[in-house]
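[1] predicted structure and sequence below. I'll ask about it afterward.
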Amino acid sequence: MNIDQARHDAVAATSDWSANRLSNAQAGTSTKKPVDEFFGHDSFNHQTMRQRLPKDVYRRLMQTIEYGEPLDLDVADVVASAMKDWAIENGATHYTHWFQPLTGQTAEKHDALISPDGKGGMVYELSGSALVQGEPDASSFPSGGLRATFEARGYTAWDPTSPAFLMRGENSVTLCIPTVFVSWTGEALDKKTPLLRSMDALSKHAQRILHIFGTDANVRRVHTTVGAEQEFFLVDRNLFFARPDLLSCDRTLFGAKPPKGQQLADHYFGSIPARVLAYMTEVERELYRIGVPLKTRHNEVAPGQFEIAPVFENSNVAVDHQMVLMESLQRIAPRYGLQAILHEKPFDGVNGSGKHNNWSMCTDTGVNLLDPKDETHTNMQFLVFICAVIRAVDRHADLLRAAIASASNDHRLGANEAPPAIISIFLGDMLTDIIEQLEQGVPKRTLKAKRLDLGALSLPNIPRDAGDRNRTSPFAFTGNKFEFRAVGSSATAAWPNTIMNTIVAESLDEIANELEKTVGSKATPAKLQSAVKALLKKIVKEHKRVIFNGDGYSEEWQKEAEKRGLPNLHDSVDAYPAFRAKKATNLFHKYNVLTKAELDGRTFIFLDKYAMQIQIEAEQMVLMARQMILPAALEQQSRLAEALASTESVGGECGQIRRQFDLFAELTNRFMAQIEALDEAESKRPPEEVDPYKRAKYARDNLIPNMKTLRELADDLEVRIASDIWPLPTYRELLFIK
């Protein structure tokens with residue numbers, strides 16, 4: 001792509017929007033129906049099912065959705081017929097089993113809802129068997145060795161707990177049926193199956209705790225809930241296509257810092273640019289149609305960075321909606337001349353993007369088990385659940401760190417916008433005070449929130465929380481939930497939530513075992529209180545090391561964490577072996593979340609993807625360096641040489657010109673040598689049949705250092721080469737042209 005034309009088109013597009021010459025898509029926004037008239041219109045949700053299904057079928061389906069009871073095929077037949085009619089009435093011609101394979105993306109194969117009737121005509125049909133089960137090729141997706149090329153059979157199976165929805169294209173409507181994906185052998189080949197299993201495990205043992213406290217009379221299920229805040233970058237699409245690194249790697253492999261980045265903090269919560277606001281509005285409207293409960297939109301800290309966030313939902317539905325949200329961000333952006341980038345660190349030197357994962361536990365009767373309520377120190381049930389999480393996070397900090405590991409997230413963790421690789425828990429002043437009281441014996445007080453006097457008569461006294469927030473903590477309690485801030489923006493939320501559910505299920509299981517053994521089946525309130533306090537005191541003493549309310553970015557915390565014995569797994573290559581440990585294998589097997597083969601397969605895929613991602617970036621760097629940056633450097637060197645020669649020819653003073661020429665020529669020579677060094681390192685990487693851990697380790701220890709050096713040299717060249725010959729859109733253009 002011609003760089004000058006790309007720059008011209010990008011500026012022109014921004015000018016058009018700034019002048020409010022709106023696209024047809026935006027122009028009619030104000031006349032469209034209010035959101036409440038179409039929210040969930042394209043979702044086969046509870047309301048739609050209640051309207052379209054016979055009462056008995058609806059009741060039986062709800063038993064499956066809400067309580068996990070087996071689904072009868074006769075129910076599936078009726079549901080399939082109703083779903084088909086609803087989809088056709090809304091313009092659908094095809095349906096697909098929509099699933100989440102181990103690529104980390106989603107997958108779909110479209111089948112027509114119409115079939116020949118044998119009489120020269122066509123009929124619409126969707127049978128119960130077609131709804132319940134599909135058969136994609138299992139060997140064509142990553143399996144980590146669970147499936148060989150010649151072993152192709154795999155199955156998708158309907159997940160009735162997540163509503164089917166309509167996916168609208170430019171001239172098509174497709175019925176999307178959320179499913180799981182398993183092998184012919186029954187082993188999970190997706191992200192969704194283990195998540196559902198982990199939710200079952202947590203529900204089982206959380207209900208045991210409620211039974212001990214006598215608060216489970218009407219509770220038949222405990223759900224985990226998730227609200228995932230999605231950060232992302234937007235760049236002008238013309239400029240995006242002029243950057244080969246963005247096109248193939250989703251991040252800039254080269255790029256000098258602009259004079260202005262985020263130093264002034266003027267982008268955060270600033271006025272949303274007109275083009276971006278129109279785009280975000282359309283994203284919201286499309287997601288509202290399928291029932292995604294979006295709540296927040298705003299500018300993030302870095303220029304060109306934004307955030308959109310939903311209200312919490314049951315984990316499995318939230319994970320599905322999160323995947324649709326990411327797809328929608330990328331699919332709709334081109335309509336506005338934009339490109340959405342979900343990579344954790346697309347631009348060096350400014351904040352990267354995460355997916356803050358807000359996690360809690362809630363009964364099917366609507367009670368949030370992590371809500372401290374008033375007089376928290378007397379709420380023993382709440383303290384049991386909090387201490388269960390504390391024990392789980394301390395015991396399995398390595399698994400939580402590995403759950404969010406990736407080559408892309410490694411660029412972000414520990415920087416100014418993301419928590420460190422050390423997993424710790426922030427509780428805030430009020431809860432920390434109660435935990436300290438528990439360690440001493442009996443908690444006797446709850447710190448009370450106060451009100452802030454803002455000093456002006458016209459301003460109200462506003463309530464102040466009992467504790468501050470801590471953005472440097474990877475796992476922070478935020479009022480009635482935990483915010484796992486370390487999840488990467490491009491990652492699926494399914495895997496970290498699977499880990500969280502499983503480790504907390506184990507902790508609840510052990511607490512229930514100890515209390516059941518101590519208090520028996522008919523405990524008096526006094527005996528129960530005594531047993532709970534003694535057990536929580538023990539848990540706090542053993543696991544309080546993971547609680548940290550201070551600055552997670554500080555060097556002091558690094559040293560303190562080492563003294564406490566907390567793991568500090570700096571990168572993905574250090575983190576992934578946690579999944580190979582016997583402790584992890586036993587954990588997932590015990591709670592029926594993953595077999596050893598399923599866990600080993602995932603570990604293989606994680607390491608393999610890490611190695612391949614670094615390899616792709618290294619090869620792309622070499623190509624860009626040779627084909628784009630080096631020619632520009634040589635052209636600049638030629639200009640300097642011409643200036644030096646012409647000055648010398650007329651007897652002018654050329655000392656400074658010669659120094660500039662010598663410095664630039666030396667820099668160019670080092671750059672050329674480093675291209676060859678990276679190319680040589682890449683050529684010596686272990687072949688694909690070698691253990692993926694060795695390949696990942698080679699990429700980290702050999703490719704990444706050479707890539708870092710090459711980038712430093714290229715970025716130095718960028719600020720010395722004339723702008724009219726520099727071949728790439730600069731950070732100034734990518735970050736600020738909106």
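    Structure's in. What do you need?
[2] okay, CA-based contacts and neighbour counts for the rest of this
    Noted.
[3] low-confidence regions, the stretch 151-300 of the chain specifically.
    Within the stretch 151-300 of the chain, no range satisfies pLDDT under 70.
[4] strands of the stretch 51-200 of the chain, residue ranges please.
    Remark: strands assigned in the stretch 51-200 of the chain by DSSP state E, counting those that start in this stretch are 94-98, 110-112, 114-116, 122-124, 133-134, 154-158, 164-168, 173-183.
[5] quickly find the element holding Met500.
    helix 494-519 (DSSP states H and E).
[6] how about His142, what does it touch?
    Heads up, residue 142 is Pro, not His. Contacts here follow C-alpha atoms under 8 Å, 6 or more residues apart in numbering; on that basis Pro142 touches 101-103, 605.
[7] could you rerun that using 10 Å?
    101-104, 189-190, 601-602, 604-605, 608-609 (C-alpha atoms under 10 Å, 6 or more residues apart in numbering).
[8] now do the phi/psi pair for it.
    Backbone torsions for Pro142, taken as degrees, to the nearest 10, come to phi -60, psi 130.
[9] adding distance to Phe232 and mean neighbour count, write the strands of the stretch 51-200 of the chain out as JSON lines.
    Shown next, in JSON lines, are the strands of the stretch 51-200 of the chain (distance: least, C-alpha to C-alpha, whole Å; neighbours: other C-alpha atoms under 10 Å):
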{"stretch": "strand 94-98", "distance to Phe232": "24", "mean neighbour count": "25"}
{"stretch": "strand 110-112", "distance to Phe232": "29", "mean neighbour count": "14"}
{"stretch": "strand 114-116", "distance to Phe232": "39", "mean neighbour count": "12"}
{"stretch": "strand 122-124", "distance to Phe232": "40", "mean neighbour count": "13"}
{"stretch": "strand 133-134", "distance to Phe232": "34", "mean neighbour count": "16"}
{"stretch": "strand 154-158", "distance to Phe232": "31", "mean neighbour count": "22"}
{"stretch": "strand 164-168", "distance to Phe232": "22", "mean neighbour count": "21"}
{"stretch": "strand 173-183", "distance to Phe232": "25", "mean neighbour count": "25"}
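[10] which among the ones you listed is found nearest to Cys654?
    Among the strands of the stretch 51-200 of the chain, the nearest to Cys654 by C-alpha to C-alpha is strand 164-168 (66.0 Å).
[11] partners of the closest one, with directions?
    strand 43-44 (antiparallel), strand 173-183 (antiparallel) (DSSP bridges).
[12] pLDDT (mean, whole number) over the first one?
    Mean per-residue pLDDT for strand 43-44: 95.
[13] hmm, who's touching that strand?
    49-50, 52, 82-83, 86-87, 162-167, 175-177, 288-292.
[14] how far does it sit from the chain's center?
    Averaging C-alpha positions (C-alpha atoms, centre = their mean, to the nearest Å) puts strand 43-44 24 Å from its chain's average.
[15] cool, and the last one?
    For strand 173-183, the gap between its own C-alpha mean and the chain's C-alpha mean amounts to 21 Å (C-alpha atoms, centre = their mean).
[16] now swap in stretch 352-359 and tell me
    Averaged C-alpha coordinates place stretch 352-359 at 6 Å from its chain's average position (C-alpha atoms, centre = their mean).
[17] what about this structure, any weak spots by pLDDT?
    In the chain (pLDDT under 70), the answer is 1, 15, 17-33, 149, 414-419, 466-467, 521.
[18] hmm, try it at 50
    21-31 (pLDDT under 50).
[19] possible to save the strands paired with strand 164-168 as TSV with distance to Asp74?
    Formatted as TSV, those follow (distance: least, C-alpha to C-alpha, whole Å):
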stretch	distance to Asp74
strand 43-44	19
strand 173-183	18
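[20] TSV for the strands of the stretch 51-200 of the chain, including distance to Asp320?
    Below are the strands of the stretch 51-200 of the chain laid out as TSV (distance: least, C-alpha to C-alpha, whole Å):
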stretch	distance to Asp320
strand 94-98	10
strand 110-112	18
strand 114-116	27
strand 122-124	27
strand 133-134	18
strand 154-158	13
strand 164-168	10
strand 173-183	8
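[21] which one of the strands paired with strand 164-168 lies nearest to Gly91?
    Among the strands paired with strand 164-168, strand 173-183 sits nearest to Gly91 (C-alpha to C-alpha), with 5.9 Å.
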